[in-house]
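In: I'd like to go over a predicted model; first the sequence, then the structure.
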Amino acid sequence: MRKIIYYSRPNCELCEEGRLMLNLVKEDIPFDIIEVNIEENDAIHEKYMLMIPVVEKDGEIIQYGSLDYVTLLEGIRK
């Protein structure tokens, strides 16, 4: 099963929208989402605070910020 890491933080509207988009993609291809709250780790927070939400697969960022279906689908499917 593919594993996708989703970096986000609480009370982030863009993160909520991104989560919905990921769930739409998940209806077409199976994968597990591991959600990481960037506020729980200083190093991750510093790395992604201006980029969230961030979708990562196999150590590579697929997309960040405003997420779209096509980019996510293609990136996760690879």
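Out: Received, thanks. Numbering: from 1, shown residues only.
In: just the helices in the protein please.
Out: In the chain, the helices defined using DSSP state H lie at 13-28, 42-48, 69-77.
In: now those helices as CSV including mean neighbour count and distance to Gln63?
Out: C-beta: built from backbone N, CA, C; applies to glycine. Written out in CSV, the entries for these read as follows (neighbours: other C-beta atoms under 10 Å; distance: least, C-beta to C-beta, whole Å):
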stretch, mean neighbour count, distance to Gln63
helix 13-28, 15, 9
helix 42-48, 13, 13
helix 69-77, 15, 5
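In: relative to Tyr7, which of those helices is closest?
Out: Closest to Tyr7 of the helices of the chain, according to C-beta to C-beta: helix 42-48, at 4.9 Å.
In: let's have the helices of the chain in CSV, adding mean pLDDT and distance to Glu56.
Out: CSV is the format used below for the helices of the chain (pLDDT from 0 to 100; distance: least, C-beta to C-beta, whole Å):
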stretch, mean pLDDT, distance to Glu56
helix 13-28, 96, 12
helix 42-48, 96, 9
helix 69-77, 96, 10
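In: what would those helices look like in CSV with distance to Val36?
Out: Formatted as CSV, the helices of the chain follow (distance: least, C-beta to C-beta, whole Å):
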stretch, distance to Val36
helix 13-28, 11
helix 42-48, 7
helix 69-77, 17
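In: so which of these is nearest Ile5?
Out: helix 42-48 (10.1 Å).
In: dump that closest one to CSV, keeping only the CA atoms.
Out: Backbone C-alpha positions of helix 42-48 (Å, rounded to 0.1, in the frame of the first residue of the first chain) are rendered in CSV as follows:
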residue,chain,number,x,y,z
ASP,A,42,10.4,22.2,15.7
ALA,A,43,12.5,21.0,12.8
ILE,A,44,9.5,20.1,10.7
HIS,A,45,7.7,23.3,11.6
GLU,A,46,10.7,25.4,10.5
LYS,A,47,11.0,23.4,7.2
TYR,A,48,7.3,23.5,6.2
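In: list the contacts of that helix.
Out: Surrounding helix 42-48, the residues in contact under the criterion C-beta atoms under 8 Å, 6 or more residues apart in numbering are 7, 36, 38-39, 54, 64.
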